[in-house]
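In: What shape does this take:
(one chain, ligands or ions: 1)
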Amino acid sequence: MSLALKVLGSSGGYPVRGLPCSGYLVTADQENILLDCGPGIATALLADGRHCGLDGVVISHLHPDHVLDLVPLAYALLAEWLVDGRTTPLPLCIPQGGLQFLQRFSDLFGHRSWQFPSDADEPGKRALAASVQERHDWLLTVFDVREYAIGDTLELGANQIETHAVDHNAPTAAMRIEKNGARIVYSADACFDPTLVGFAASADLFLVDAHMSGPLAGGAHMSPAEAGRLAALAKARELVLCHLAAPEDGPSARAAAAQHFSGAIHLAFETREYRL
Ligand SMILES: [Zn+2]
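Out: Numbers count the residues shown, from 1 in each chain. As a prediction, this is how the structure comes out:
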């Protein structure tokens, strides 16, 4: 298996009916990379135990439904350091300004003032204590925070993720990952944007924001019909409608997208794993 994607959550805005917000787990060459980390994603990641099993995280933009579960994820990593002696920070790629955002967020909880025993024998505790003594925030210590400019190509282990600026009401990156000829593209949150046609060209799997699936109007997202039109223009093979306002919008969203796109159309709410 060269490339796979598991939908951990895709609810737009808030976790509707117990379904988490945005979080997509890409597995490429045995490395697990999480795209976005909205509310409920830590629950999904840690459903089988204490280890998150991640090799990297990439955040598309700094809206709550895409980042809030970085805090419980950090607590899980803290446990890995304290209990299991982990001392390697988890790479976290975040748009420019993200480090200050995380610092301010963490300061609200007083994380910087936490103490860890400096005479501990275990390597993880020693590493945390040394970091905190240098006035580093433990929550940021467990992550290797890498700010990126949207448009950069991100290097995570053996994988590369290309980013592309999209039209949303915050600086937002679409993402593309390829492996052995298979291509996954994630629009992130975006209005209809012709520049995405080239970025997503010939995607095997195109995950597209279709948030305007219900009575909502306007805003900074696509409708399912626009998502279908975009996938058709990009000549994508399969389309996954993401970030729907509610699961009950699924049938009408699929029908609207199918007016424009003749390939397979999936609902992120329903279909959970794709292997390419
Ligand atoms: Zn957003």
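In: For the chain, list the residues in contact with the ion, please.
Out: Residues of the chain found near the ion (C-beta under 5 Å from the ion) are His63, Asp189. (Glycine included, C-beta is placed from N, CA and C.)
In: give me that answer again for 8 Å
Out: The chain has residues 60-61, 63, 65-66, 168-170, 172, 188-189, 220-221 near the ion, with proximity defined as C-beta under 8 Å from the ion.
In: In CSV: those residues, plus neighbour count and pLDDT.
Out: CSV is the format used below for these (neighbours: other C-beta atoms under 10 Å; pLDDT from 0 to 100):
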residue, neighbour count, pLDDT
Ser60, 30, 98
His61, 23, 97
His63, 21, 95
Asp65, 24, 94
His66, 25, 97
His168, 22, 93
Asn169, 12, 91
Ala170, 13, 94
Thr172, 26, 97
Ala188, 28, 96
Asp189, 27, 94
Ala220, 17, 89
His221, 25, 91
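In: can you give me the helices in this protein?
Out: 41-45, 64-67, 70-84, 98-108, 123-133, 138-141, 195-199, 224-233, 250-258 (DSSP state H).
In: among these, which is the most enclosed?
Out: Of the helices of the chain, the one with the most neighbours on average (mean count of other C-beta atoms under 10 Å) is helix 224-233, at a mean of 24.
In: Who are the packing partners of that helix?
Out: Applying 3 or more C-beta pairs under 8 Å, 6 or more residues apart in numbering; DSSP states H and E, one finds that helix 224-233 contacts helix 195-199, strand 205-209, strand 238-242, helix 250-258.
In: which stretch among those comes nearest Ala268?
Out: strand 238-242 (4.4 Å; C-beta to C-beta).
In: Can you tell me which helices and strands the closest one packs against?
Out: Using 3+ C-beta pairs under 8 Å, 6+ apart as the test, strand 238-242 ends up in contact with strand 205-209, helix 224-233, helix 250-258, strand 264-267.
In: mind putting the helices of the chain in JSON lines, distance to Gln160 included?
Out: Shown next, in JSON lines, are the helices of the chain (distance: least, C-beta to C-beta, whole Å):
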{"stretch": "helix 41-45", "distance to Gln160": "23"}
{"stretch": "helix 64-67", "distance to Gln160": "21"}
{"stretch": "helix 70-84", "distance to Gln160": "22"}
{"stretch": "helix 98-108", "distance to Gln160": "20"}
{"stretch": "helix 123-133", "distance to Gln160": "29"}
{"stretch": "helix 138-141", "distance to Gln160": "25"}
{"stretch": "helix 195-199", "distance to Gln160": "14"}
{"stretch": "helix 224-233", "distance to Gln160": "23"}
{"stretch": "helix 250-258", "distance to Gln160": "29"}
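In: So for Cys242, which of those helices sits nearest?
Out: helix 224-233 (8.4 Å).
In: what angle do the closest one and helix 250-258 make?
Out: 40 degrees (axes from the mean of the first three to the mean of the last three C-alpha atoms, to 10 degrees).
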